[in-house]
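S.K.: With the sequence up front, the predicted model follows.
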Amino acid sequence: MIERTPILNAVTYFIMFLGLLLILGPFWMIFAASTQSLAQVNTVPFNFVPGADFLHNLQAAWQRANLGPALFNSLVTSLLVMSGKVIVAALSAFAIVYFRSPLRHVFFWMVFLTLMLPLEVRVIPTYNIAADVFAPVRWLIQTLTGIELSLQWNLLNSYSGLVLPLIATATGTFLYRQFYMTLPDELAEAAKMDGARPLRFFIDILLPLSRTNMLALATIMFVYAWNQYLWPKLMTTEADYQTAMVAMRTLVPNINSLPEWNISMAGALIIMLPPLIVVAVLQRWFVRGLVSTEK
Amino acid sequence: MNKRTVFKSWWLPIAFALPQLLLIFFFFYWPATSVLTWAFSLEPAFGGVGERLFVGWDNFREVFADTEYWRSVSLSLFFAFSATALSMFIAFVLAICVDRQLKGSGLFRFFYIWPYAIAAPAVGLAFRFIFAPESGLIAVVNTWSPDLWNPAKFGSHAMILVIVCFAWKWIGYNFIFMTAGLQSIPRSLIEASAMDGSGPVRRALDLQIPLLAPTLFFLLVLNLTESFVGPDTYGIVDLTTEGGPNKSTDVMVYRIVSEAFRGLNYSGAAAQSLVLIALIMLFTFIQFRYVERRVHYK
């Protein structure tokens, strides 16, 4: 603060409070609704005071959306996407930055292009390849040698199917690339002088140095993976592999009777809690990850 | 930019890049090329075996001749621009306020980021309740006069609902980038201009906004692309309106997916995807043209 501006300060606080209402209002409504009984939640105007039915609603939502296995699936998928991304991106950025291979630029642009097409616009062919991963391999072998193979690998309704297509983007690679670029050349030079080979340099020097970047990337990838909706919805036809986000669909109340919004909101609250905790508790890392992957 | 010191090996970089290469080959390049082949050919009927029939631009002609398609395009455009404008405006006002660094503004910043953590379907479900015609926050207007607000019945109300959902969710994201952008403006500049007698409002208008322009532009492009083709749009529409009532929120992403999986019209969906891809490339191209010019600000 540079000068004294009492009126403007008051206006600023006023706007910031309005903003807080706008942001936290929906959160409070979700919470309040999830604690009320069916009759309470359907009173108009809405009663902002929490009721006493919280546990009952949580239980009902848990059963209706089958949240036990769904949350477990979401957790496994998110953790796999997170660690897969952190590892794959670190490896490929190392290949791009610390080697001068003629294929480097081709590889760089191939990775870069993946930023262009979000999963949504290529979701149908991605679905097809997930149903039959070795289709391109079969096609390649057939055109090259004329032999028809019966190699099959179906990813639909499996963790690999939920995870692999989500790792196949460039987000993290660029985060690591930027970071490796900021490291002084002398580091690699000294390591080489001491006789470290590339693998040793990568494991003993680069990885420990990029710990903060890994944490930042991990937080955003966890939230990203947990919040995936379209892809898991399309590819899981069996209830066993349904993720929590897909289970959200079953919480939409039936409009023919009195809508059970209290149960819907209780379910929504459970499902949206894990990423919210990550963002709230690890906010520093999350913000850093977000800002540095996009630029 | 290149490293001066590099390691020598022909196979190590390939080995390191291999996982990423395999992943993007199988789950990006192969699907992306099949979109191309589908868009220009027809699937044999009833999933039968046989060669795909090359039909040239026929799929596109069919798509473009459909008035429903153009309606969907204009709905998407309207949705994208309104949601972007609303979200960026609110985030900008909040970011400017927080950046004044009054006492306690850290707490506000802490909460303003929250919406970004909430998945689009969850936002959709929550706002479906908040904006429900018979219960929730807005239902009270229907007690004054019936059907003053009913997104299940009126297309325009449904559109407002999805716009509000998207805008609310993206406030968090826009806010993060705007505060980061504002923080990178040198403090000395602000102080110098204060010494010259400018007040906080004048400084915001003449100093912070121009210096924030690159960030704002980046966010503009990103918000437009995300609302046009992003996963959030699909999730929100699917949980609030399902494209209705009477297809009044049937935006392009939603239409493509429902056409492919419910209508089983792969070729038509692929042609529509290609149009979207072309649009994204246009957006990205504009962004990159601009990023080069951004150097001026540094």
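M.R.: Yep, that arrived.
S.K.: so, in contact with chain B or not, stretch A:210-226?
M.R.: Yes - under the criterion of Cβ under 8 Å from any Cβ of the partner chain, chain B is reached by stretch A:210-226 at A:Val223, A:Trp226. (C-beta placed from N, C-alpha, C; glycine too.)
S.K.: tell me which residues of the host helix or strand of A:Asn213 are tucked away?
M.R.: Element membership of A:Asn213, judged by DSSP states H and E, is helix A:211-226. Neighbour counts using 16 or more other Cβ atoms under 10 Å in any protein chain shown place A:213-226 of helix A:211-226 among the buried residues.
S.K.: Kindly reformat those as TSV containing pLDDT and distance to A:Trp153.
M.R.: As requested, the buried residues of helix A:211-226 are exported to TSV (pLDDT from 0 to 100; distance: Cβ to Cβ, whole Å):
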residue	pLDDT	distance to A:Trp153
A:Asn213	86	33
A:Met214	89	30
A:Leu215	89	33
A:Ala216	87	33
A:Leu217	88	28
A:Ala218	90	28
A:Thr219	89	32
A:Ile220	88	30
A:Met221	90	25
A:Phe222	92	27
A:Val223	91	29
A:Tyr224	90	25
A:Ala225	91	22
A:Trp226	92	26
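S.K.: that older thread, which other residues reach the helix holding A:Asn213?
M.R.: A:74, A:77-79, A:81-83, A:85-86, A:89-90, A:163, A:166, A:171-172, A:175-176, A:179, A:244-245, A:274-275, A:278-279, A:282, A:285-286, A:288-290, A:292-293, B:116-117, B:119 (Cβ atoms under 8 Å, 6 or more residues apart in numbering or on different chains).
S.K.: ok, back up a step: tell me the one of the buried residues of helix A:211-226 nearest B:Asp196?
M.R.: A:Ala216 (38.7 Å; Cβ to Cβ).
S.K.: which residues touch the residue nearest to the closest one when sequence neighbours are not counted?
M.R.: Once flanking residues are discounted, A:Ala216 sits nearest to A:Gly289: 3.2 Å by Cβ to Cβ, 6 or more residues apart in numbering or on different chains. A:Gly289 sits next to A:Leu175, A:Asn213, A:Leu215, A:Ala216, A:Leu217, A:Ala218, A:Thr219, A:Ile220 when contact means Cβ under 8 Å, 6+ apart.
S.K.: Over to A:Ala268?
M.R.: A:Ile30, A:Ser34, A:Met248, A:Leu251, B:Ala122, B:Leu125, B:Ala126.
S.K.: for it, helix, strand, or coil?
M.R.: helix (DSSP: H, G, I helix; E, B strand; the rest coil).
S.K.: got the residue ranges for the helices in chain B?
M.R.: Remark: helices assigned in chain B by DSSP state H are B:12-24, B:30-39, B:58-65, B:67-99, B:105-112, B:120-130, B:140-144, B:155-183, B:187-195, B:200-203, B:209-229, B:231-240, B:252-261, B:266-293.
S.K.: actually the stretch 51-200 of chain A, not the one I wrote
M.R.: Secondary structure of the stretch 51-200 of chain A (DSSP state H, counting those that start in this stretch): helices located at A:54-64, A:67-98, A:104-113, A:123-131, A:135-145, A:159-167, A:171-182, A:185-193, A:198-201.
S.K.: Next, the angle helix A:159-167 makes with the second one.
M.R.: It refers to helix A:67-98. 40 degrees (axes from the mean of the first three to the mean of the last three Cα atoms, to 10 degrees).
S.K.: other SSEs contacting helix A:67-98?
M.R.: helix A:104-113, helix A:159-167, helix A:171-182, helix A:211-226, helix A:244-247, helix A:261-281, helix B:12-24 (3 or more Cβ pairs under 8 Å, 6 or more residues apart in numbering or on different chains; DSSP states H and E).
S.K.: Listing request: residues of the stretch 101-250 of chain A with sub-threshold pLDDT.
M.R.: A:149 (pLDDT under 70).
S.K.: how about the nearest residue to A:Leu8, chain neighbours excluded?
M.R.: B:Pro200 (5.7 Å).
S.K.: which residues does the residue lying closest to A:Val76 once chain neighbours are set aside contact?
M.R.: Spatial nearest neighbour of A:Val76, excluding adjacent residues (Cβ to Cβ, 6+ apart): A:Tyr159 at 6.1 Å. For A:Tyr159, the contact set (Cβ under 8 Å, 6+ apart) comprises A:Asn73, A:Val76, A:Thr77, A:Leu80, A:Tyr241.
S.K.: Neighbours of the last one, how many?
M.R.: The local packing of A:Tyr241 (other Cβ atoms under 10 Å in any protein chain shown) involves 21 other residues.
S.K.: ok, the residue nearest to it when sequence neighbours are not counted to B:Lys3 distance?
M.R.: Setting aside the residues directly before and after it, A:Tyr241 is nearest to A:Asn157 in space (Cβ to Cβ, 6+ apart), at 4.9 Å. A:Asn157 sits 44 Å away from B:Lys3, going by Cβ to Cβ, to the nearest Å.
S.K.: next one: B:Glu259
M.R.: 48 Å.
S.K.: what about the two, which has more around it?
M.R.: In this view B:Glu259 and B:Lys3 are compared by other Cβ under 10 Å, and B:Glu259 has more residues nearby, 20 against 16.
S.K.: Now do the contacts for the residue nearest to A:Ala239 when sequence neighbours are not counted.
M.R.: Nearest non-adjacent residue to A:Ala239, counting by Cβ to Cβ, 6+ apart: A:Asn66, 6.7 Å away. Taking Cβ under 8 Å, 6+ apart, we find A:Asn66 in contact with A:Ala239, A:Gln242, A:Ala247, A:Thr250.
S.K.: The second one: how many residues sit nearby?
M.R.: A:Gln242 is flanked by 22 other residues according to other Cβ under 10 Å.
S.K.: right, and it touches A:Leu71 too?
M.R.: No - using Cβ atoms under 8 Å, A:Gln242 makes no contact with A:Leu71, being 10.4 Å away.
S.K.: hmm, back to that, weed out the non-buried ones from the contacts of A:Asn66.
M.R.: The buried subset of these - by 16+ other Cβ under 10 Å - is A:Gln242, A:Ala247.
S.K.: Now do the spatially closest residue to B:Ala117 that is not a sequence neighbour against A:Leu273, distance only.
M.R.: Spatial nearest neighbour of B:Ala117, excluding adjacent residues (Cβ to Cβ, 6+ apart): A:Val279 at 3.7 Å. Noted for A:Val279: a distance of 11 Å to A:Leu273, by Cβ to Cβ.
S.K.: Settle it for me: which of the two has more neighbours?
M.R.: Between A:Val279 and A:Leu273, A:Val279 has the larger neighbour count (other Cβ under 10 Å), namely 25 against 15.
S.K.: pretty sure the more buried one contacts B:Trp114?
M.R.: Yes - A:Val279 lies in contact with B:Trp114 (Cβ under 8 Å); the separation is 6.6 Å.
S.K.: Contacts only, for the residue nearest in space to the middle of chain B.
M.R.: Centroid check for chain B by Cα atoms, centre = their mean gives B:Glu226 as the closest residue, at 1.4 Å. Applying Cβ under 8 Å, 6+ apart to B:Glu226 gives the contacts B:Trp170, B:Asp232, B:Thr233.
S.K.: if I look at the first one, how far off is chain A?
M.R.: In other words, B:Trp170. B:Trp170 sits 12 Å away from chain A, going by Cβ to the nearest Cβ, to the nearest Å.
S.K.: rewinding a little: can you give me the distance of the residue nearest to the centre of chain B to A:Glu120?
M.R.: 10 Å.
S.K.: B:Asp238 too?
M.R.: B:Asp238 is 12 Å from A:Glu120, by Cβ to Cβ.
S.K.: what do you get for B:Leu86?
M.R.: 22 Å.
S.K.: ok, A:Ala167 touching A:Leu91?
M.R.: Small correction: residue A:167 is Ile, not Ala. No - when contacts are counted by Cβ under 8 Å, A:Ile167 is not listed as touching A:Leu91 (11.9 Å).
S.K.: between those two, which one's more packed in?
M.R.: A:Ile167 (25 against 20).
S.K.: quick one: that one from A:Glu148, how far?
M.R.: 30 Å.
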